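**Student:** no FASTA, just this:
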């Protein structure tokens, strides 16, 4: 899975873990985990986190767990579980046969809370959520002890049992760890570790009405599974003291170690699950798999490959702090993966009819055209040529500007892989003045591949035979956001989103190729870019192609 060219010595996590294991080794094999909450779909930042945990496990000859952090029934759904499992396997980070669920450890986590209460390290608090926040203090001022902090452990055990039995309404009581309300780390100011939620859980049903907070459940789940290194993104660094406190108070032998790596952001891309949900639920995009979104499902539907995403994460390497990477690097990795794997086809987005008046009627000629690829396996393809073809409307100018080397009146160009043609007449709509047809002649001696060495032309343009063209709807994508900076609350998405992020081209014409087109099948359309058959809407009745990336590679030029 890992790139052999990648210098492991430069990976700060590998170096850190190596040094720690030399000083204090574990008595068990390396084990890492990726713990997504099933309340949305994975995105490109998630792929980086998965890659970090997966490659670390394999670097140290260990194992990798996929464990769902499903301790909040209000947001979680089996739809997200299935999508996450599918995404991880598609990316190539197979978690194996067994998938882990935090909800499976509900009894053990409950018993851990009971242990803390018995040891005087946790208590039941009746403060409202707003009061808990107010009592917590600020970054510069200490918090204030809860008036319920000194309840006896017998009282706390009694209240906690009643919470479990459903005798109190939602949010009326919580269990808090008893640590230090004056700690400079706000996460240690008696954090909430259990709350009441009267809601059915997608997995455990109505068995529970109390649910642990992630910061409490996380270290316990890691300990149960024998995780050695809990690798988290950098925003969890201030949570590490609480992670370690829980394990220490529960006397966990050889406790897991939490270590952090940098969070990945991409220029012009939203990776906040909260913001993604706002766009999806607000109907601003076509679901979680909208090809404009950075979700794994969206990238896959647009046409990105697992290999390109893995190459992207490997190229970034191991980052220590929150970093923003230019999205053109992701596009570059995709082009590098596709350039020798995809057949090239001629396609006309805005068709302009061309009648070759001196070409024999009812004649169809099969021309051999080479693919634009260094992969010899793709070889040549045969393309039908006939009297009437279509060219790209932009390839003709009635009054050509300086430097225009395509078709114009009384000028010649080569039709790619075919003949020279000369424009003899321009036909226009009498009402609108729009050009509707060009009448041209061809020179039969100029057929490609025949060794013609006569006059030369400066331009070569693509074409599609009218009688053989395949119709397709083509989706052209641009950046989703007008601005890279997004207000903290998300704000007005109608104003934030680029109205031209999707341009749908109806009835584009493509040269004939092998049918039926498979979902996610990829092509290079001559001059236009790399395209993918939309896995959601493309069918045998209607071909829908998504442009993955244009051919121009800004990152590669750097």
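**Tutor:** Here it is on my side, so go on. It should be emphasised that the depicted structure is a prediction, and the values quoted were computed from it without experimental measurement.

**Student:** going forward, measure contacts between C-alpha atoms and count neighbours the same way
**Tutor:** Noted.

**Student:** which stretches of the stretch 1-150 of the chain aren't confidently modelled?
**Tutor:** Counting by pLDDT under 70, the stretch 1-150 of the chain contains low-confidence ranges at 1-10.

**Student:** residue ranges of the helices in it, please?
**Tutor:** Under the criterion DSSP state H, counting those that start in this stretch, the stretch 1-150 of the chain carries helices at the ranges 12-23, 44-59, 78-91, 106-118, 129-136.

**Student:** Can you spell out which helices and strands pack onto the shortest one?
**Tutor:** By that I understand helix 129-136. Packing contacts for helix 129-136, counted by 3 or more C-alpha pairs under 8 Å, 6 or more residues apart in numbering; DSSP states H and E, involve no helix or strand.

**Student:** That helix: which residues count as buried?
**Tutor:** 132, 135-136 (16 or more other C-alpha atoms under 10 Å).

**Student:** just stretch 229-249 next, same as before
**Tutor:** By neighbour count with 16+ other C-alpha under 10 Å, stretch 229-249 contains the buried residues 229-234, 236, 239-240, 242-247.

**Student:** Now, these that are in strands?
**Tutor:** Counting by DSSP state E, the buried residues of stretch 229-249 place 229-233 in strands.

**Student:** next one: stretch 137-156 to chain centre, how far?
**Tutor:** 42 Å (C-alpha atoms, centre = their mean, to the nearest Å).

**Student:** I misspoke; the intended subject was stretch 256-267.
**Tutor:** The answer for stretch 256-267 is 17 Å, by C-alpha atoms, centre = their mean.

**Student:** Same check on stretch 494-508?
**Tutor:** So, by C-alpha atoms, centre = their mean, the centroid of stretch 494-508 is 20 Å from its chain's centroid.

**Student:** Which one of the helices of the stretch 1-150 of the chain lies nearest to residue 213?
**Tutor:** Within those, the stretch nearest residue 213 is helix 106-118; the backing value is 10.3 Å (C-alpha to C-alpha).

**Student:** Could you say which of the helices of the stretch 1-150 of the chain is packed most deeply?
**Tutor:** Comparing those by mean neighbour count (mean count of other C-alpha atoms under 10 Å), helix 44-59 comes out on top with a mean of 22.

**Student:** by contact count, what packs against it?
**Tutor:** Where contact means 3+ C-alpha pairs under 8 Å, 6+ apart, helix 44-59 is packed against strand 31-34, strand 63-68, strand 229-233, strand 264-266, helix 306-316.

**Student:** out of these, deepest packed?
**Tutor:** strand 31-34 (a mean of 25).

**Student:** Which among the helices of the stretch 1-150 of the chain is found nearest to residue 498?
**Tutor:** helix 44-59 (20.4 Å).

**Student:** List the contacts of residue 302.
**Tutor:** Residue 302 is in contact with 290-292, 532, 534, 546-548, counting by C-alpha atoms under 8 Å, 6 or more residues apart in numbering.

**Student:** which one of those residues is nearest residue 309?
**Tutor:** residue 548 (13.1 Å).

**Student:** Contact partners for that closest one?
**Tutor:** Contact analysis of residue 548 by C-alpha under 8 Å, 6+ apart lists 302-304, 477, 529-532.

**Student:** cool, and residue 53?
**Tutor:** Neighbour list for residue 53: 32-34, 64, 231 [criterion: C-alpha under 8 Å, 6+ apart].

**Student:** Save the residues you listed as JSON lines, and put in distance to residue 297 too.
**Tutor:** Below are the contacts of residue 53 laid out as JSON lines (distance: C-alpha to C-alpha, whole Å):
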{"residue": "32", "distance to residue 297": "24"}
{"residue": "33", "distance to residue 297": "21"}
{"residue": "34", "distance to residue 297": "18"}
{"residue": "64", "distance to residue 297": "22"}
{"residue": "231", "distance to residue 297": "24"}
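
**Student:** biggest separation within those, which pair?
**Tutor:** Using C-alpha to C-alpha, those reach their maximum pairwise distance at 64 and 231, which is 11.4 Å.
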